[in-house]
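**Q** mind folding the following:
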Amino acid sequence: MERETDRRIGKQEEGKMTGPDYMVRATAAGAQIRAFAATTRGVAEKARQVHGTSPVITAALGRLLTGGTMMGAMLKGENDLLTIQVKGDGPVGGLTVTADAKGNVKGYAKEPQVILPANAKGKLDVGGAVGKGVLSVVKDMGLKEPYVGQTVLQTGEIAEDLTYYFAVSEQTPSSVGLGVLMNGDNTVKQAGGFILQLMPFAEETVIAALEKNLAAFSSVTEVLDAGGTPEQMLESLLAGLDMEIMDRMETQYYCGCSKERVERAILSIGKTEIEEMIADGKEIEVGCQFCDRKYVFSVEELKEMSEAASPRA
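**A** Predicted structure coming up:
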């Protein structure tokens with residue numbers, strides 16, 4: 001149940017991890033290609049459980065979480081953060097995923113319960129759920145201003161949209177494959193993906209060999225469902241190109257929210273708004289969009305925050 005791989009290269013316009021979800025990084029053809037591949041069934045299933053997503057939204061969010069996991073691994077700083085937002089005119093409204101450089105990823109869908117008929121190919125209609133719109137990538141690398149890249153959605157199927165983003169916004173010819181396969185009971189059976197990128201000095205013979213491998217590749221979930229690994233996925237995609245695995249990293253759906261962090265967020269809205277909450281005379285409940293945890297603040301706690309808060313400029 002997937003539509004997942006952009007088989008084009010976007011133009012300028014040893015051992016297995018013990019954990020269930022992990023990602024590998026590799027190079028090939030003398031570092032002319034860099035590659036990432038991941039298996040993320042646990043990540044996608046955790047997101048489904050947390051948000052109660054319908055099958056088509058499980059597929060959409062699972063693909064974006066997988067892409068985010070691999071893109072997070074491209075970050076150079078240990079504390080860098082990546083946020084991917086997909087905003088379309090389809091019924092899901094939007095998808096948001098945040099990832100770090102350590103294999104942690106989280107996300108949510110604006111409307112998690114969308115139900116749509118299958119598309120013309122009999123697959124989950126992720127493109128129909130997302131619709132037409134914009135993909136944005138925000139990289140917070142500890143600088144004064146974050147890097148923001150934005151491109152128009154090409155299909156809403158996520159993989160093609162990320163391929164286009166890399167080519168246009170980062171000027172890196174790439175191919176992205178993402179897939180989520182569902183069980184009959186609507187739990188996640190398989191999920192994973194790959195990102196292949198050509199370096200500026202890539203030779204035409206290398207590009208031709210890579211495109212030939214991409215054309216022969218079945219699909220991410222077909223490989224995983226047959227018992228394949230991310231390493232084996234890359235062995236197929238980079239066949240004949242002297243692939244070298246650089247490292248492996250466990251991945252997980254993880255939200256680091258806490259009552260203290262939520263309190264800081266409330267303080268940031270300013271003294272006047274907090275005093276308006278106090279005037280209502282009721283405790284407030286604040287929910288985390290990423291993990292659905294609920295945090296309750298009493299009127300007394302709000303009063304303490306009001307004393308510490310600064311007037312909003």
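
**Q** make it CA atoms for all contacts and neighbour counts henceforth
**A** OK.

**Q** how much space between residue 104 and residue 39?
**A** 13 Å (C-alpha to C-alpha, to the nearest Å).

**Q** cool, and residue 133?
**A** Residue 133 is 28 Å from residue 39, by C-alpha to C-alpha.

**Q** same check on residue 114?
**A** 25 Å.

**Q** circling back to that earlier point, residue 133 and residue 39: who's more crowded?
**A** The neighbour count for residue 133 versus residue 39, taken as other C-alpha atoms under 10 Å, is higher for residue 39 (28 against 18).

**Q** that one: what's it in contact with?
**A** 20-23, 190-193, 224, 229-230 (C-alpha atoms under 8 Å, 6 or more residues apart in numbering).

**Q** 6 Å - rerun?
**A** Neighbour list for residue 39: 21-22, 191-192 [criterion: C-alpha atoms under 6 Å, 6 or more residues apart in numbering].

**Q** would you mind finding the longest helix in this structure?
**A** Scanning the chain for the longest helix, with DSSP state H as the assignment, gives helix 55-72.

**Q** who does that one touch, helix- and strand-wise?
**A** Contact analysis of helix 55-72 by 3 or more C-alpha pairs under 6 Å, 6 or more residues apart in numbering; DSSP states H and E lists strand 94-100, strand 174-182 as its packing neighbours.

**Q** distance of residue 163 relative to residue 235?
**A** Residue 163 is 21 Å from residue 235, by C-alpha to C-alpha.

**Q** what does residue 79 give?
**A** Distance from residue 79 to residue 235, by C-alpha to C-alpha: 31 Å.

**Q** could you check which of the two is surrounded by more residues?
**A** Applying other C-alpha under 10 Å to residue 79 and residue 235 shows that residue 235 carries more neighbours, namely 17 against 12.

**Q** wait, is the more buried one part of a helix?
**A** Yes. Under DSSP: H, G, I helix; E, B strand; the rest coil, residue 235 sits within a helix.

**Q** can you get me a residue count around residue 211?
**A** 18.

**Q** secondary structure element holding it?
**A** helix 204-216 (DSSP states H and E).

**Q** do residue 223 as well
**A** Under the assignment here (DSSP H and E), residue 223 is part of helix 220-225.

**Q** now that helix - C-alpha only, CSV.
**A** What follows is helix 220-225, C-alpha atoms only, in CSV (Å, rounded to 0.1, in the frame of the first residue of the first chain):
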residue,chain,number,x,y,z
VAL,A,220,11.3,0.2,-0.2
THR,A,221,8.6,-1.8,1.5
GLU,A,222,8.9,-4.7,-0.9
VAL,A,223,12.5,-5.1,0.1
LEU,A,224,11.7,-4.7,3.9
ASP,A,225,8.7,-7.0,3.7
